[in-house]
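S.K.: what follows is a predicted structure for the sequence shown.
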Amino acid sequence: MTQRHDEVTTGAGRAVAYSTVARRLHWATVAALIVMIPLGFAMTYRGNTLDIWDGLTDALYSTHKLLGFLVLWLSAGRLIYRLVHGAPPDEPTLEWWQKAASHLVHWALYGLLLIVPLFGWIGISLFPSLTVFNLFDLPALVAPNEEAAKRVLFVHGWLAILLALLVCGHIAAALFHHLVRKDGVLRRMLPGLK
């Protein structure tokens, strides 16, 4: 296993940061989720709640599908990179239970970042609604079945909410470590480290 990590100076000494590749993959995922999650709420509100099915609604759904496809493959790439290259050692100032919680949250995020877009892809395959911007179709994963599509997309929506809540908790913990504890937890993942 090859490991390439950078050292970061913290108030408590030196900690090991994530590699440049790991940080770039992380922040690319963050950027996609910043757009994807609110977009998912907006499109379903506009289409399902307001019952407005026009060009704008179609563009929102197409963008969501495209970003979901990107997040799925980006997350798969991140997971493969993590399994091959590993992660730096835990921040040395963390208590055992903080390390355990951190690992649990990270693996839950990896799982949801794969499962949520996969359920979305299965749902739009079942519906079927695979067209993106009237330019191309995503490959179908299963044969059409609208009743099954409703169930799968319902689960997709609730898992997306769980993902959003977990992301918010992850952000809150990172900010707590940075602003209150002033340790190196957040700095290990900041872009631009040398």
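M.R.: Received it, and whenever you're ready, just let me know what you need.

S.K.: next, the contact list for the nearest residue to residue 94 once chain neighbours are set aside, please.
M.R.: The shortest distance from residue 94 to any non-neighbouring residue, by CB to CB, 6 or more residues apart in numbering, is to residue 102 (7.1 Å). Using the backbone N, CA and C atoms, a C-beta is placed for each residue, glycine as well. Residue 102 is in contact with 90, 94, 173, counting by CB atoms under 8 Å, 6 or more residues apart in numbering.

S.K.: any stretches of the chain with poor pLDDT?
M.R.: 1-15, 193-194 (pLDDT under 70).

S.K.: at 90 what do you get?
M.R.: 1-16, 184, 191-194 (pLDDT under 90).

S.K.: element containing the spatially most central residue of the chain?
M.R.: Using CA atoms, centre = their mean, the residue of the chain that lies closest to the mean C-alpha position is residue 113, 4.4 Å off. Using DSSP states H and E, residue 113 maps to helix 96-126.

S.K.: equivalent analysis for residue 166, please.
M.R.: helix 146-176.

S.K.: for that helix, packing partners?
M.R.: On a contact count with 3 or more CB pairs under 8 Å, 6 or more residues apart in numbering; DSSP states H and E, helix 146-176 meets helix 20-44, helix 96-126.

S.K.: and whichever helix or strand comes after the helix holding residue 113, which strands flank it?
M.R.: Next along the chain after helix 96-126, taking DSSP H and E as the criterion, comes strand 131-132. With DSSP bridges as the test, strand 131-132 is paired with strand 136-137 (antiparallel).

S.K.: now do the partner strand: distance to the chain's middle.
M.R.: With CA atoms, centre = their mean, to the nearest Å as the basis, strand 136-137 stands 24 Å off its chain's centre.

S.K.: could you dump the contacts of residue 102 into TSV and include neighbour count and distance to residue 73?
M.R.: Conversion of these to TSV gives the following (neighbours: other CB atoms under 10 Å; distance: CB to CB, whole Å):
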residue	neighbour count	distance to residue 73
90	17	28
94	17	31
173	16	27
